[in-house]
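>>> Below are the sequence and a predicted model for it; my questions follow.
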Amino acid sequence: MKNFPTFHRKLLAWYADSARDLPWRRTHDPYRIWISEIMLQQTTVVAVIPYFERFLARFPSVDALAAADETNVLRLWEGLGYYSRAKNLLRAAKAVVEKHHGQFPSDIEVLQTLPGIGRYTAGAIASFAFDIPAPIVEANTLRLYCRLLGYQSDPRSSVGQKVLWTFAEAVLPKTGPGRLNQALMELGATVCIPKEPRCGICPVSAHCHAFRDGTQSVVPQQKSKKVMTAITEVSIAIRRGPKYLLRRCPLNERWAGLWDFLRFEIAGDSKSVDTAHLTDTVRERTGLIIECGSQIAELKHAVTRYRITLKCITAIRQDGRLKSGNDWKWVKPADFQKYPLSVTGRRFAELLQRDSM
DNA sequence: TATACGTGGTG
DNA sequence: TCACCAAGTAT
């Protein structure tokens, strides 16, 4: 692309008129910028806003966060997904306090030594908070750069990445790189959108190779679609007196560190559940002998590459002692909220809380 | 380089 | 209903 000064002027004029007013755009505080960037990873703005507000109210500074318990950080993250982000956030906060005297680094190389901060997030923090000319490539700018350049090959390949990061570097102005990066992302997010981009209102369509060629619909090249597998799981809420059994998901499983009711896969699309088999499996896994109750719900959800039908079943503990090797906890429905729950745990918990009232 | 990691909104 | 998508990183 040529004539960057004109490109910058048009883009920034559009941004001044059209930028959304987002909470993390009202500040240059690197801490707030950092929190927002981590939350926004693979997550929509609409989903993030309430989490961002709550998180900042509870942990207003990197020192406050560094002093937090992981459980409390996870509770604030509950429902947002990608929970390793929350754990890395806490680890990084401790590192900032201990290794950087509580001051956020501004150098992109140093930023990338912090857990959870990769190339994009380092560039975002450096440019937004410190106005350092650092390049960024993420979902919005990837799409925008591909169309501006008319780049028809795979932008996710190593060659494609090199092309895009090189352009991201070249497009930066000498003054105000942070604002320009914001404007590029905003254009990608609101105008240069995946399907039917709004080229009619785009301030830089005159600079766009794909627009000139009419190839907006095939640029960027789509990523190969993932195959979904349908499976059936059961979740069993085992009651002992007023309390139910929760299990902390181990580090090598999904929802690592979060809590859930006992849950496991059963043979595919079984219309009726084999309660004898269920009782045996529960005994193997927990050491408890149970009496199965009724199925109180069937929930559908998708996670990673699975479409899951989840049968929620109640049970009563009759006998037996809990096996070690897991974090178990007997918890009253009123206390469920003290534990960061997986999405399946949270939905089942809501049903039980309703019943117990 | 390929895969795991979550969830909710949208057409 | 369902495929696609969202301010990526770690391994």
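Alright, I've got the coordinates. Numbering: from 1, shown residues only, chains lettered A, B, ... in the order given.

>>> how is chain A carved up into domains?
What automatic domain parsing lists as the domains of chain A is A:4-213, A:229-355.

>>> For these, give me a markdown table that also has mean pLDDT.
Formatted as a markdown table, the domains of chain A follow (pLDDT from 0 to 100):
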| stretch | mean pLDDT |
| --- | --- |
| domain A:4-213 | 98 |
| domain A:229-355 | 95 |
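
>>> and those as TSV, adding mean neighbour count and distance to A:V219?
Where C-beta positions appear, they are placed from N, C-alpha and C, glycine not excepted. Listed next are the domains of chain A as TSV, based on neighbours: other Cβ atoms under 10 Å; distance: least, Cβ to Cβ, whole Å:
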stretch	mean neighbour count	distance to A:V219
domain A:4-213	17	5
domain A:229-355	16	27
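
>>> and DNA strand C, which of those domains is closest to it?
Closest to DNA strand C of the domains of chain A is domain A:4-213 (Cβ to the nearest atom of the strand; 2.6 Å).

>>> First-to-last residue distance for the closest one?
Start-to-end span of domain A:4-213 (Cα to Cα, to the nearest Å) is 20 Å.

>>> Find the nearest non-adjacent residue to whichever residue of the stretch 1-150 of chain A sits closest to DNA strand B, please.
Across the stretch 1-150 of chain A, the shortest distance to DNA strand B (Cβ to the nearest atom of the strand) belongs to A:G81, at 2.7 Å. Distances taken as Cβ to Cβ, 6 or more residues apart in numbering place A:T43 nearest to A:G81, at 6.8 Å, with adjacent residues excluded.

>>> What of A:E70?
Nearest residue to A:E70, sequence neighbours excluded (Cβ to Cβ, 6+ apart): A:L90, at 5.8 Å.

>>> Does DNA strand C have contacts with whichever strand or helix holds that neighbour?
A:L90 belongs to helix A:84-99 when assigned by DSSP states H and E. Yes. Counting by Cβ under 7 Å from any atom of the strand, DNA strand C is contacted by helix A:84-99 at A:S84, A:N88.

>>> So what's the gap between that helix and the chain middle?
A distance of 17 Å separates the centroid of the chain from that of helix A:84-99, by Cα atoms, centre = their mean, to the nearest Å.

>>> Also stretch A:226-240?
Worked out by Cα atoms, centre = their mean, stretch A:226-240 lies 22 Å from the chain centre.

>>> So is it next to DNA strand B?
No. Stretch A:226-240 is not in contact with DNA strand B by Cβ under 7 Å from any atom of the strand; minimum separation 8.0 Å.

>>> what's in contact with that stretch?
Identification of contacts with stretch A:226-240 by Cβ atoms under 8 Å, 6 or more residues apart in numbering yields A:244-245, A:260-270, A:273, A:278, A:282, A:286, A:288, A:290, A:292, A:302, A:305-317, A:330, A:344-345, A:348, A:352.

>>> now do stretch A:347-357
By Cβ under 8 Å, 6+ apart, the list of residues contacting stretch A:347-357 reads A:235, A:237, A:244, A:261, A:296-297, A:299, A:312, A:314, A:333-334, A:336, A:341.

>>> out of the residues you listed, who's nearest DNA strand B?
Of these, the one sitting nearest to DNA strand B (Cβ to the nearest atom of the strand) turns out to be A:L341, at 8.2 Å.

>>> Quickly list what the nearest residue to that closest one once chain neighbours are set aside is bridged to.
Nearest residue to A:L341, sequence neighbours excluded (Cβ to Cβ, 6+ apart): A:W259, at 5.3 Å. Counting by DSSP bridges, A:W259 is bridged to A:R248, A:L341.

>>> Quick check: the gap between A:W259 and A:P340.
To A:P340, A:W259 is 6 Å away according to Cβ to Cβ, to the nearest Å.

>>> Equivalent analysis for A:E233, please.
Using Cβ to Cβ, A:E233 is found at 20 Å from A:P340.

>>> Which element, helix or strand, includes the residue of the stretch 1-150 of chain A closest to DNA strand B?
Short version, using DSSP H and E: A:G81 is in no helix or strand.

>>> circling back: contacts only, for the residue nearest to A:G81.
A:L80, A:G81, A:Y82.

>>> Just say helix, strand or coil for A:I313.
strand (DSSP: H, G, I helix; E, B strand; the rest coil).

>>> wait, it sits on A:I290?
No. Taking contacts as Cβ atoms under 8 Å, A:I313 lies outside contact range of A:I290: 9.9 Å.

>>> In contact with the residue nearest to A:E70, which residues are there?
Contacts here follow Cβ under 8 Å, 6+ apart; on that basis A:L90 touches A:L65, A:A66, A:A68, A:E70, A:V73.

>>> Shouldn't the third one be within a strand?
No. A:A68: not assigned to a strand; according to three-state DSSP it is coil.

>>> which ones are touching it?
A:A68 sits next to A:F59, A:L90, A:A93 when contact means Cβ under 8 Å, 6+ apart.

>>> ok, it to A:Y82 distance?
From A:A68 to A:Y82 the distance is 18 Å (Cβ to Cβ).

>>> what residues does the stretch 101-250 of chain A put near DNA strand B?
When proximity is defined as Cβ under 7 Å from any atom of the strand, the stretch 101-250 of chain A approaches DNA strand B at A:S157, A:S158, A:K195.

>>> repeat for the stretch 251-357 of chain A
Contact residues (Cβ under 7 Å from any atom of the strand) of the stretch 251-357 of chain A with DNA strand B: A:E253, A:R254, A:W255, A:A256, A:H301, A:A302, A:V303, A:T304, A:R305, A:S342, A:V343.
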